[in-house]
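A.B. asks: Have a look at this prediction, sequence included:
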Amino acid sequence: MPEQPKPGQRLSELDTPAYCLDVATLDGNIAKMASLLAERGKQWRPHAKCHKTPEVAKRQVAAGAIGVTVAKVSEAEVYANAGIRDILIANLVVGAPKLERLAALCQKADPIVCCDHFAQAEAISAACQQAGVTCRAIIEVDIGLQRVGVRPGKETLELAQAINRLPGVSLVGIMGYEGHLLTVEDPDEKRQQIDAAIGLLAAARDAMLEQGLCCDIVSAGGTGSYQITSNCEAVTELQAGGGVFADPFYRDCCGVVGLEPALRVVVTVVSRPSLERAVIDSGRKTVHWGIYPPQVEGTADGRPLPDAVVQSLSAEHGVLELGPQSRDIAIGDKLLLIPGYSDHTTVLHDEFVLIRDGRVETTWPIVARGLLR
C-alpha cells in the first residue's frame, strides 16, 4: 500500500503525487465569497463539483451558505447523509432508478430538482406520489448557453403553469447559467452581456408572478461570473462554488479577483533528459489539462521556479520546459503544481491532504468522487 500522509509532515516529505489543500486559504476564500454575497443580499448555494467533499460543504454552510448544489442524485445523497438538507440538483433527473432515489431522498432532506420539459416533471410527480412525498422543482431557462433549458418567454411560462398543476411537485422558481459569458475579456462588455442574460430570468420571474405562480428562487451564477451576477436584482441565490479553490482559470480567464489558489499537487522530478527539460511523476491521471493548464509554482521547500512551464502531459508523466532560473532542479526534487481547473482534477484523487502552515494536518476523503448516477 502507498505510504499515507502523516500529521506534521512537510510538503517536501510527502510521497507523490499528493493532492494538497491549504486550510487557511480555503477558509479565507469561503469567508470572502460569503461576505460579498451577504453584503449584496444574496443567498449562497455553492456547487460542490470542485470538491465533492462534505467537509468543504460544511465549512461553507457554517460561513452562511444555505445548502449545496450538485449535479447528480448520488451526490445529493452524500450531502444529505452528512446533514445538509437544502440541496439543489442542478441537472435533469431522468429514469426510474434515479427517480426512485430522488423520492426517497425527499424523506430525509429537502431537495430541489431541475426541469426543462414537462416529461421530466410528469415522471417526477409520479415517483413522488408513489412514495407519498413532495419534491421542490425549479425550471431551467436557456439564457444563452444553448445546452439545456426551456426557451425564455412563452414556453417558460407554459411549462411553469403545467408543472404547477402536478401533484407531488412544488414549483419554487427558476434558474439559468450564464456560463457562455465567463471568459468575455472586456469587463464592461461582460457586465452588459450578463445583465442581458439575467434579464431573461427577470422577465420569466415577472411573468410567473403575474400569473400567481411561485418564483421565490432565481438561481444563477458560476464562479467565473459571480462577482458580476451577484449585482443583478432578480437573482436570489448564487451557485458559485469553485471560488473556494480559486483555480488560475478563474483569475486568468474570467477576471475573478480577491481569491487565492488553495490547491497544490506535490510531484517528484523523476528524469532530467536535458538542461531545458524535466519529467515529473504526474500526468493526465493526476492533473487535468483540459480547461486550463497546470501551473508550476516552485519547489516543495519554497523556492520559486518562475520560468518552469508544463509543456505536455501523458498518462503518467509530465514534461516541464525549464528556463535559466529553473535548470538546477534535480531528480528527486519535489515540486508544486497548481491545478488550472480543479473540477476535472479532484475526480482523479481519493483524498485531499490538508495543509496548515506548510505541514500536514489531516486528510479528507473525496466522498462523492465517481458518483455519476
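C.D. replies: Structure received.
A.B. asks: Give me the contacts around the top strand by length along the chain.
C.D. replies: When the chain is scanned for its longest strand (criterion: DSSP state E), the result is strand 263-274. With contacts defined as CB atoms under 8 Å, 6 or more residues apart in numbering, strand 263-274 is touched by 11, 14, 16-22, 245, 247, 278-282, 286-287, 294, 297, 300, 317-318, 329-339, 342, 345, 355. Using the backbone N, CA and C atoms, a C-beta is placed for each residue, glycine as well.
A.B. asks: residues contacting residue 286?
C.D. replies: Taking CB under 8 Å, 6+ apart as the definition of contact, the neighbours of residue 286 are 17, 265, 267, 318, 345, 348-349.
A.B. asks: For stretch 176-193, the averaged confidence score.
C.D. replies: Predicted confidence along stretch 176-193 averages 97 (mean pLDDT).
A.B. asks: Kindly report the same for stretch 203-210.
C.D. replies: When pLDDT is averaged along stretch 203-210, the result is 98.
A.B. asks: Show me what counts as buried in it.
C.D. replies: With burial defined by 16 or more other CB atoms under 10 Å, the residues of stretch 203-210 counted as buried are 203-205, 207-208.
A.B. asks: now the residues you listed as JSON lines including distance to residue 229 and secondary structure?
C.D. replies: Compiled in JSON lines, the buried residues of stretch 203-210 are given as follows (distance: CB to CB, whole Å; DSSP: H, G, I helix; E, B strand; the rest coil):
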{"residue": "203", "distance to residue 229": "16", "secondary structure": "helix"}
{"residue": "204", "distance to residue 229": "16", "secondary structure": "helix"}
{"residue": "205", "distance to residue 229": "15", "secondary structure": "helix"}
{"residue": "207", "distance to residue 229": "21", "secondary structure": "helix"}
{"residue": "208", "distance to residue 229": "20", "secondary structure": "helix"}
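A.B. asks: for the residue nearest to residue 234 when sequence neighbours are not counted, helix, strand, or coil?
C.D. replies: The shortest distance from residue 234 to any residue that is not its chain neighbour, by CB to CB, 6 or more residues apart in numbering, is 3.6 Å, and that residue is residue 202. Recorded secondary structure, residue 202: helix (DSSP: H, G, I helix; E, B strand; the rest coil).
A.B. asks: count of residues packed around residue 202?
C.D. replies: Neighbour count for residue 202, taken as other CB atoms under 10 Å: 16.
A.B. asks: Now the one helix or strand residue 344 maps to: average pLDDT?
C.D. replies: Secondary structure assignment for residue 344, by DSSP states H and E: helix 343-346. For helix 343-346, the mean pLDDT works out to 97.
A.B. asks: before we move on, what about stretch 74-87?
C.D. replies: Here the average pLDDT along stretch 74-87 is 98.
A.B. asks: hang on, the earlier thing: which residues touch the helix or strand just after the longest strand of the chain?
C.D. replies: Next helix or strand after strand 263-274 toward the C-terminus (DSSP H and E): strand 277-280. Surrounding strand 277-280, the residues in contact under the criterion CB under 8 Å, 6+ apart are 267-273, 308, 311, 317-322, 329, 335, 337.
A.B. asks: In ChimeraX, select just the buried ones from those residues.
C.D. replies: Here is the ChimeraX selection string for the buried members of the contacts of strand 277-280, based on 16+ other CB under 10 Å:
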select :267,268,269,270,272,308,317,318,319,320,322,329,335,337
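A.B. asks: Quick check: residue 312 is in a helix.
C.D. replies: No: counting by three-state DSSP, residue 312 is located in no helix; its state is strand.
A.B. asks: My guess is it contacts residue 318. True?
C.D. replies: Yes: between residue 312 and residue 318 a contact is recorded at 7.3 Å, counting by CB atoms under 8 Å.
A.B. asks: Give me the buried subset of the contacts of strand 263-274.
C.D. replies: 11, 14, 16-22, 245, 247, 278-280, 282, 286-287, 294, 297, 300, 317-318, 329, 333-339, 342, 345, 355.
A.B. asks: Can you list which of those residues are found in strands?
C.D. replies: Among these, the members found in strands (DSSP E) are 18-22, 278-280, 297, 318, 334-338, 355.
A.B. asks: closest to residue 222 among those?
C.D. replies: Nearest to residue 222 out of these is residue 338 (CB to CB; 19.8 Å).
A.B. asks: Spatially, what comes nearest to the closest one if we skip its sequence neighbours?
C.D. replies: residue 295 (4.4 Å).
A.B. asks: ok, the one you found to residue 289 distance?
C.D. replies: Taking CB to CB, to the nearest Å as the measure, residue 295 and residue 289 are separated by 12 Å.
A.B. asks: Any chance you could list residues touching both of those two?
C.D. replies: Where contact means CB under 8 Å, 6+ apart, the residues bridging residue 295 and residue 289 through contact with each are 310, 340.
A.B. asks: picking that back up, hmm, the residue nearest to residue 234 is touching residue 233, no?
C.D. replies: Yes: counting by CB under 8 Å, a contact exists between residue 202 and residue 233, whose distance comes to 7.1 Å.
A.B. asks: Give me the contact list for stretch 348-355.
C.D. replies: Counting contacts by CB under 8 Å, 6+ apart, the residues touching stretch 348-355 from outside are 5, 11, 14, 18-23, 51, 53, 264, 285-288, 360-366, 369.
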